[in-house]
Structures are given as structure tokens and as C-alpha cells.
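Enquirer: Below are the sequence and a predicted model; questions follow.
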Amino acid sequence: MCQLSLGHYFLHAGLNAADVWHDTTAFGEALLTLQRRYGFDGILVNLPGRDPRWRDALAETGRRGPDQVLIWRNGTETIVPPDDNPRVRRADGGAIGSPAVAAVSPDRCFYVEPHGQFGA
């Protein structure tokens, strides 16, 4: 087995990078395609499953240079480079901030993937 970078999946699996990142089935196809191509004896699943209705949350898609841009109904956008992990930004292009340490209540924390559909 080998853990390939997500950028490698995006470039070499023959699938749309945004689909590989957001769609569980497309990610599984990318894993299997490259496992077979390289003759690995297994696969390492290194992304969580995604909501199968993720496309329902999209307002529009487009391109900015080589990057695919997903604009969500909540006003954020995901920049999907052809060879690297996607990044979530506010609609004005600014980074989505992290809370101050003093504002965090550990007993109320749950993990939200910072570069998934909803950012932070």
C-alpha cells in the first residue's frame, strides 16, 4: 500500500478534482483506479465520507485560471487547484478564521473538516 497525495489523485485518476474531494463515490473510484494502475495490494482511505447531496449546496461553479471554483449557497467558496488540496475562503476572498482559544469550550467541540464544504 501507499498513501498517494490528493494532488496525485486529482492529476492521474481521470476524474474531476472537485468530485474526488467532495464525492465519496468518485474518491473511491480514484483510489481503486490508482491501486490497480500501480499494483498496490491495498488502498488507504485518507478522506472521510461526504454528504451525497453536496451538490445541492452549490450556487455555481467556475474557473479561475487553472483552479476550479465552487461557490456555495452559504457564501463561501472552495478553490480546487488541479494538483493540491482545496481551500475554503469567504466570498470576499479572505481566509475563514479560527476561534480564539478562550472562546473554545472543549466539552462542546466537534470536528468540522476545515476544507470541507462548510469550511470552519
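Expert: Looks like it arrived, so ask away.

Enquirer: Local confidence estimate at the residue positioned nearest the centre of the chain?
Expert: Geometric centre of the chain, nearest residue: residue 21, 3.7 Å, by Cα atoms, centre = their mean. On pLDDT, residue 21 comes in at 94.

Enquirer: Confirm it sits in a helix?
Expert: Yes. Secondary structure assignment places residue 21 in a helix (DSSP: H, G, I helix; E, B strand; the rest coil).

Enquirer: Just give the nearest non-adjacent residue to it, would you?
Expert: residue 86 (5.3 Å; Cβ to Cβ, 6 or more residues apart in numbering). (Glycine included, C-beta is placed from N, CA and C.)

Enquirer: Next: residue 11.
Expert: Closest to residue 11 by Cβ to Cβ, 6+ apart is residue 83, at 5.4 Å.

Enquirer: re the thing from before, roughly how far apart are the residue nearest to the centre of the chain and residue 27?
Expert: Remark: distance between residue 21 and residue 27 (Cβ to Cβ, to the nearest Å) = 7 Å.

Enquirer: quick one: common contacting residues for these two?
Expert: Contact with both residue 21 and residue 27 is made by residues residue 47, according to Cβ atoms under 8 Å, 6 or more residues apart in numbering.

Enquirer: I am finished for the moment; much appreciated.
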